[in-house]
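Participant: Only the shape, not the letters, is given here:
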């Protein structure tokens, strides 16, 4: 019988008929290493979806601004710095730019576009440069497989050393390597709120961005950076690459003010024109002041005359800091139960290690030191948590579309951090010790109430011999304790 010659073949498709011959076939899983590298670059990114959308018709000025057009048309790497006062709308502009780039700039559709929005109001890692680098590099690698060779050797080194996370310096090295890599398509880097990033090594990150965007590099990297004025940032960027948003948003503020004064408050005629001009002139380019003025005026939408609304408008503080003081004093003049719930709300939102939900806050403000059993706790749960947050948190808090609750702006957070420790009634310490105690103690009490309840004792005290129905009942019971996921996941970090 004639011997069958040995054959070596490369197959790019594995048919089911090969299943029984797997011991003679060496399989190479396509893209396995890159996918493992992507998993190693997982990161937190809760900020983007919480940024307010632009008012209809706003921000169109960006696409025709001379400095933007010069930056966009450049065939070499360059950096555009959007500088703005606190609350002037920088994050909204950065999101608007990213969202509309492909439509407004058709040549960008084949480009790699990656973004990162620093924040103090998200998870504990979202203001760090490590998380920023992981996010930026992850999105580059997702969009462009051909860039993997710039990650590969360092990723193998990490695996060889059995490291669980990328070292910070290696992340910087990988991003820096793109400066020397010729590319036929631009790489857009969109970074927002550099002023909210950790101060440690911030200057080095700014220098890294400037080096990436050097005209001498063979690549075409376009960085779109939004921030408050920062020492060292403006000095590192040529003057022709800076746009000051408060110098450009006058028409946007006018359009927004005219809209809510007319549609929500019923103003018309010369009073509408006068009130709109008053807001524009006193806003000083600070959009968040205008949004807060709207919130303060909305209660007057119930039948007040044009003159009454305009008089109220003129009585409100014209500086953002003074407006925050006005709002805070109103909360301090509330009744004792409202003040105590306000303290619980602010303390939990300021100290939480990730954004918290409406249901979680409902349980958080229901916990009392004198609760002896879960029945007392259940009776203290409010059935109207939205109204409770609005009443006890005032205009400092906002409820996002995903059901999380946060401080309405970074300036509000900064104000409360300064003001609360010195308040007369709505007062608590903001320190490392208070950070640990303020949430750890309620969470411990919460877990004790959950696991010592009558239902727990009578139905789930003995797990031996449980049926699937018992496990399902236990899961349903735990799901009713909406703060339990946060408590079990983060209590150790709060305690330490």
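Facilitator: Yep, that arrived. Since we're looking at a predicted model, the values are computed, not measured. Numbering: from 1, shown residues only.
Participant: Secondary structure class of residue 113, three-state.
Facilitator: With DSSP: H, G, I helix; E, B strand; the rest coil as the basis, the three-state label of residue 113 is strand.
Participant: In space, what's closest to it - neighbours in sequence excluded?
Facilitator: residue 188 (4.4 Å; C-beta to C-beta, 6 or more residues apart in numbering). For every residue, glycine as well, the C-beta is placed using N, CA and C.
Participant: Which element, helix or strand, includes that neighbour?
Facilitator: Assessed by DSSP states H and E, residue 188 sits inside strand 187-192.
Participant: Same question for residue 79.
Facilitator: Going by DSSP H and E, residue 79 is in strand 78-83.
Participant: Can you give me the buried ones in the strand holding residue 188?
Facilitator: 187, 188, 189, 190, 191, 192 (16 or more other C-beta atoms under 10 Å).
Participant: still on that earlier bit, so the residue nearest to residue 113 is in contact with residue 219, correct?
Facilitator: No. Between residue 188 and residue 219 there is no contact under C-beta atoms under 8 Å: 12.0 Å.
Participant: Packing partners of the lowest-mean-pLDDT helix or strand in the chain?
Facilitator: Sorting the helices and strands of the chain by mean pLDDT, DSSP states H and E puts helix 454-459 at the bottom, at a mean of 72. With contacts taken as 3 or more C-beta pairs under 8 Å, 6 or more residues apart in numbering; DSSP states H and E, helix 454-459 sits against helix 374-380, helix 468-479.
Participant: which element follows the longest one toward the C-terminus?
Facilitator: Same thing as helix 468-479. In N-to-C order, the element after helix 468-479 by DSSP H and E is helix 484-495.
Participant: which parts of that next one are buried?
Facilitator: Buried residues in helix 484-495 (16+ other C-beta under 10 Å): 484, 486, 487, 490, 491, 494.
Participant: Outside of it itself, list whatever touches it.
Facilitator: Residues from elsewhere that reach helix 484-495 (C-beta atoms under 8 Å, 6 or more residues apart in numbering): 351-354, 356, 360, 435-436, 439-440, 443-444, 446-447, 450, 478.
Participant: Buried subset of the residues you listed, written for ChimeraX?
Facilitator: In ChimeraX, this line selects whichever of the contacts of helix 484-495 come out buried by 16+ other C-beta under 10 Å:
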select :351,352,354,356,360,439,440,443,446,447,450,478
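Participant: all helices of the stretch 301-450 of the chain, in order?
Facilitator: In the stretch 301-450 of the chain, the helices defined using DSSP state H, counting those that start in this stretch lie at 306-315, 320-332, 336-351, 358-364, 374-380, 385-393, 410-419, 432-451.
Participant: Compare the ones you listed and report which one is nearest to residue 179.
Facilitator: Among the helices of the stretch 301-450 of the chain, the nearest to residue 179 by C-beta to C-beta is helix 410-419 (30.9 Å).
Participant: chain center to stretch 365-380: distance?
Facilitator: 32 Å (C-alpha atoms, centre = their mean, to the nearest Å).
Participant: ok, the contacts of helix 484-495 vs residue 111, which is closest?
Facilitator: residue 354 (32.0 Å).
Participant: And the pLDDT for the closest residue to that closest one other than its chain neighbours?
Facilitator: Counting by C-beta to C-beta, 6+ apart, residue 123 is the residue found nearest to residue 354 once chain neighbours are left out, at 4.5 Å. Reported pLDDT at residue 123 in the predicted model: 89.
Participant: Touching the strand holding residue 79 from outside, list them.
Facilitator: 67-68, 71, 90, 93-94, 209-210, 213, 215, 222-229, 233-234, 237, 241-245.
Participant: Which ones among these map onto strands?
Facilitator: The strands, defined by DSSP state E, take in 222, 223, 224, 225, 226, 227, 242, 243, 244 from the contacts of strand 78-83.
Participant: Tally up the residues packed near the fourth one, please.
Facilitator: This points to residue 225. 24 (other C-beta atoms under 10 Å).
Participant: Residue numbering should commence at 441 henceforth.
Facilitator: Let's use 441 as the start, then, which means that last one is residue 665.
Participant: my read: it touches residue 652, true?
Facilitator: No. The criterion here is C-beta under 8 Å, and residue 665 misses it with residue 652 at 11.1 Å.
Participant: what touches both of the two?
Facilitator: By C-beta under 8 Å, 6+ apart, no residue touches both residue 665 and residue 652.
Participant: Surely residue 896 is in contact with residue 887?
Facilitator: No. The criterion here is C-beta under 8 Å, and residue 896 misses it with residue 887 at 11.2 Å.
Participant: Now for the closest residue to residue 792 other than its chain neighbours: which residues touch it?
Facilitator: Closest residue to residue 792 apart from its sequence neighbours, by C-beta to C-beta, 6+ apart: residue 879 at 7.0 Å. Taking C-beta under 8 Å, 6+ apart, we find residue 879 in contact with 787, 788, 791, 792, 934.
Participant: Just give me the neighbour total for the first one.
Facilitator: Read it as residue 787. The number of residues near residue 787, taken as other C-beta under 10 Å, comes to 21.
Participant: for residue 476, same thing?
Facilitator: Neighbour tally, residue 476, other C-beta under 10 Å: 11.
Participant: Against residue 571, how distant is it?
Facilitator: 20 Å (C-beta to C-beta, to the nearest Å).
Participant: Kindly report the same for residue 525.
Facilitator: 26 Å.
Participant: Report the distance from the strand holding residue 519 to the chain centre.
Facilitator: For strand 518-523, the distance to the chain centre is 21 Å (C-alpha atoms, centre = their mean).
Participant: Check stretch 814-823 too.
Facilitator: Remark: stretch 814-823 is offset 32 Å from the chain centroid, using C-alpha atoms, centre = their mean.
Participant: Now residue 734: closest residue in space, sequence neighbours ignored.
Facilitator: Using C-beta to C-beta, 6+ apart, the nearest residue to residue 734 is residue 700, at 4.9 Å.
Participant: Now the helix or strand hosting that neighbour: buried residues?
Facilitator: With elements taken from DSSP H and E, the one containing residue 700 is helix 690-703. Using 16+ other C-beta under 10 Å as the burial criterion, the residues of helix 690-703 that qualify are 692, 693, 694, 695, 696, 697, 698, 700, 701.
Participant: after it comes which helix or strand?
Facilitator: helix 709-723.
Participant: got a list of contacts for that next one?
Facilitator: By C-beta under 8 Å, 6+ apart, helix 709-723 touches 690, 693-694, 697-698, 701-702, 707, 729-730, 733, 746-747, 749-750, 753-754, 758.
Participant: and if you look at stretch 639-649?
Facilitator: Against stretch 639-649 from outside (C-beta under 8 Å, 6+ apart): 519, 569, 572, 612, 615-616, 629, 631, 634, 637, 663, 665, 670, 672-673, 676.
Participant: returning to what we had before: so how far is the strand holding residue 628 off the chain centroid?
Facilitator: Offset of strand 627-632 from its chain centre (C-alpha atoms, centre = their mean): 16 Å.
Participant: Counting by contacts, list what that strand packs against.
Facilitator: By 3+ C-beta pairs under 8 Å, 6+ apart, strand 627-632 packs against helix 530-544, strand 552-557, helix 569-583, helix 642-652, strand 661-667.
Participant: among those, which is nearest residue 913?
Facilitator: When the helices and strands packed on strand 627-632 are compared (using C-beta to C-beta), the closest one is helix 569-583, at 39.2 Å.
Participant: got a list of contacts for that closest one?
Facilitator: 474, 477-478, 481-485, 552-556, 558, 565, 587-588, 591, 606, 608, 611-612, 614-615, 618, 627, 629, 631, 637-638, 641-642, 645.
Participant: cool, stretch 683-702 as well?
Facilitator: Under C-beta under 8 Å, 6+ apart, the answer for stretch 683-702 is 494-495, 497-499, 501-502, 505, 507-508, 520-525, 528-530, 533, 707-708, 712, 715-716, 719-720, 723-727, 730, 734, 749.
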